[in-house]
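>>> Got a predicted model here, sequence first, then my questions.
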Amino acid sequence: MAEDVVDLCAALLRFDTTNHGGGRSAGEREAAEFVAGHLDGLGVPARVLEPAPRRANVLARVPGLDPALPAVLVQAHLDVVPADPAEWSVPPFAGVERDGYLWGRGAVDMKDMVAMVLSVLGAWSREGRRPRRDVVLAFVADEEDRGEHGARWLVEHQRDHFAGVGAAIGESGGYSYRVGSRRLYPIGTAERGTSHLRLTARGRAGHGSRRNTDNAVVHLLGALSRLAALEHPVRLTPTVRAFLERTGRALGVAVDLADVDGTLARLGPAAALAESTVRNSTTPTVLRAGYKVNVIPGTATAELDVRTLPGAAEELLASVDAVLGPNVTRELLEDQRPVQAPVDSPWFDAMADALRAEDPEAVVVPYCLGGGTDAKAFSRLGIACYGFSPLALPEGYDYRAMAHGVDERVPVEGLRFGARVLDRFLSC
């Protein structure tokens, strides 16, 4: 049985769990069986649940010394986005170690987290240790699509597994982010909501050579133009406010909450962690209209990737409705509400303490994810969800370009650092 976190991660990377979206997937079955078998070998009984053929989830619970304490959930997904081997320097599912990195699709998104957790449990088993509180495990399918075979399904059909959970940790947080001589460690305490929209414009179909003032394509383009001109106001959530204040203090930068754009400009590289989360956003991504160049279609549609801040979803949708015009309607394709966990909490403090124990110079700050994770599903159970998948990253390594990128890789020493941090946090 593999014990080292690097060997565990390499083994996981060799399973092709590609999720193409739209229900098309290689499936997580083999990876789930590997994880479940490893847990069983450590004396942690595991269940593999398959809501659809090959779409597999692994559930387990490690009993703590004090069952009266609220449990902590570790949630991580087993699926990955597609990778084109022709674009990569190494085969994306070979799990190759080279130049101090472990290469492969899923190396940071997020089989590294699965490997770190398995490594921690292995250390506990060898040393006869137990955590203070129950540690609930959910290694899930389908995060890279809609979660219908993963977290969403578990929340609807396996609620009892999460009984007594007070907080959860998952992807996108706890990694080192260098700004000058300082090392920030952002912990995700919020996520913008996802409200994907479809706009449909209707008009009078006709011949392309004839005058037509009721052209659906023109109606749609007008609505999109007005949407693009919208200036979404700054809305500071508790997370983003705390990020700006604490990051500014650590970097010696003046923070003016009445001039957020100016403050972001002064934060330098740290601004990238917040610039997409001070406002709502409406981004057109898909356009469809017509079938022949000399035919004016009766309908035209557009799809928008709409992201909403905690507490601002209704405001955003109202601003969209105000500019659509009389010939355009909207419908929600996806409506996942924003996530907000407490910034000042014992959970956050414990994560920060674990990071500082391994890196005394760590500057730990909360931050809001611009995108989304399975936290949106688990937060529906009343669980405070945090982005905490710790890694120590070398200078010059662009962590944020790795997820879904070509030549995805994770530093092996960063993995070992992350396993030590998780051991400290999950033991407390």
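The structure has been received and is ready for your questions. Numbering: from 1, shown residues only.

>>> where's residue 123, which helix or strand?
helix 111-127 (DSSP states H and E).

>>> Show me which residues of that helix are buried.
The neighbour-count check on helix 111-127 (16 or more other CB atoms under 10 Å) flags 111-125 as buried. Just so you know, the C-beta spots here come from the backbone N, C-alpha and C atoms, and that holds for glycine as well.

>>> Name all residues that make contact with the residue lying closest to residue 361 once chain neighbours are set aside.
Spatial nearest neighbour of residue 361, excluding adjacent residues (CB to CB, 6 or more residues apart in numbering): residue 183 at 5.9 Å. By CB atoms under 8 Å, 6 or more residues apart in numbering, the contact set of residue 183 is 176-177, 359, 361-363.

>>> Just the residues you listed: which are in strands?
Applying DSSP state E to the contacts of residue 183, the entries found in strands are 177, 362-363.

>>> Include neighbour count, pLDDT and distance to residue 407 when you put those residues into CSV, please.
CSV is the format used below for the ones in strands among the contacts of residue 183 (neighbours: other CB atoms under 10 Å; pLDDT from 0 to 100; distance: CB to CB, whole Å):
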residue, neighbour count, pLDDT, distance to residue 407
177, 20, 96, 20
362, 22, 98, 27
363, 22, 98, 29
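
>>> and of the residues you listed, the nearest to residue 250?
residue 363 (4.4 Å; CB to CB).

>>> got the contact list for the closest one?
182-185, 246-247, 250.

>>> which element is the residue nearest to residue 361 on?
Assigned by DSSP H and E, residue 183 falls within strand 182-191.

>>> what's the next secondary structure element after that strand?
That would be, after strand 182-191 and using DSSP H and E, strand 193-194.

>>> chain center to that next one, what's the gap?
11 Å (CA atoms, centre = their mean, to the nearest Å).

>>> Following the chain onward from it, which element is next?
strand 197-202.

>>> Run through the helices of the chain in chain order.
5-13, 29-41, 111-127, 151-157, 216-229, 238-251, 260-266, 313-323, 346-358, 375-378, 399-402, 412-427 (DSSP state H).

>>> Using CSV, please lay out these together with distance to residue 52 and mean pLDDT.
Output for the helices of the chain, formatted as CSV (distance: least, CB to CB, whole Å; pLDDT from 0 to 100):
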stretch, distance to residue 52, mean pLDDT
helix 5-13, 21, 98
helix 29-41, 11, 98
helix 111-127, 21, 98
helix 151-157, 9, 98
helix 216-229, 36, 97
helix 238-251, 35, 97
helix 260-266, 43, 97
helix 313-323, 30, 93
helix 346-358, 33, 98
helix 375-378, 16, 97
helix 399-402, 29, 91
helix 412-427, 30, 98
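
>>> Any chance of CSV for those, columns distance to residue 58?
As requested, the helices of the chain are exported to CSV (distance: least, CB to CB, whole Å):
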stretch, distance to residue 58
helix 5-13, 12
helix 29-41, 5
helix 111-127, 9
helix 151-157, 11
helix 216-229, 42
helix 238-251, 30
helix 260-266, 40
helix 313-323, 33
helix 346-358, 23
helix 375-378, 15
helix 399-402, 24
helix 412-427, 17
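
>>> From the centroid of the protein, which residue is nearest?
residue 373 (3.4 Å; CA atoms, centre = their mean).

>>> And the ones in strands among the contacts of residue 183, which is closest to residue 64?
For the ones in strands among the contacts of residue 183, the nearest to residue 64 is residue 362 (26.2 Å; CB to CB).

>>> Report the beta-bridge partners for the closest one.
Residue 362 has these beta-bridge partners by DSSP bridges: residue 183.

>>> now residue 302
residue 199, residue 287.

>>> residue contacts, it?
198-199, 220, 223-224, 284, 286-288.

>>> mind running it again at 6 Å?
199, 220, 284, 287 (CB atoms under 6 Å, 6 or more residues apart in numbering).

>>> Neighbour-wise, give me the winner out of the contacts of residue 363.
residue 247 (26 neighbours; other CB atoms under 10 Å).

>>> okay but that residue is in contact with residue 366, surely?
No: using CB atoms under 6 Å, residue 247 makes no contact with residue 366, being 9.7 Å away.

>>> what's the closest residue in space to residue 244 that isn't next to it in sequence sitting at in phi/psi?
Leaving aside its sequence neighbours, residue 244 sits nearest to residue 255 (CB to CB, 6+ apart; 5.3 Å). The phi/psi pair for residue 255 (degrees, to the nearest 10) reads phi -110, psi 120.

>>> so who does residue 255 touch?
Taking CB under 6 Å, 6+ apart, one finds 244-245, 248, 263 in contact with residue 255.

>>> and the residue lying closest to residue 149 once chain neighbours are set aside, what are its bridge partners?
In space, residue 149 comes closest to residue 55 once its chain neighbours are excluded; the distance is 3.7 Å by CB to CB, 6+ apart. Beta-bridge pairing of residue 55, defined through DSSP bridges, involves residue 52.

>>> Could you give the number of residues near residue 55?
For residue 55, using other CB under 10 Å, the count is 24.

>>> pretty sure it contacts residue 151?
No: here residue 55 lies out of contact with residue 151, judged by CB under 6 Å, at a distance of 12.0 Å.

>>> The residue nearest to the centre of the chain reaches residue 171, doesn't it?
Yes: between residue 373 and residue 171 there is a contact under CB under 6 Å: 5.4 Å.

>>> Count the neighbours of the residue nearest to residue 293 when sequence neighbours are not counted for me.
Leaving aside its sequence neighbours, residue 293 sits nearest to residue 208 (CB to CB, 6+ apart; 6.6 Å). Counted with other CB under 10 Å, the neighbours of residue 208 add up to 13.

>>> Just to check, residue 208 is in contact with residue 297?
No: counting by CB under 6 Å, residue 208 does not reach residue 297; the two are 9.9 Å apart.

>>> ok, the residue lying closest to residue 342 once chain neighbours are set aside to residue 35 distance?
Nearest residue to residue 342, sequence neighbours excluded (CB to CB, 6+ apart): residue 384, at 6.1 Å. The gap separating residue 384 from residue 35 is 25 Å, by CB to CB, to the nearest Å.
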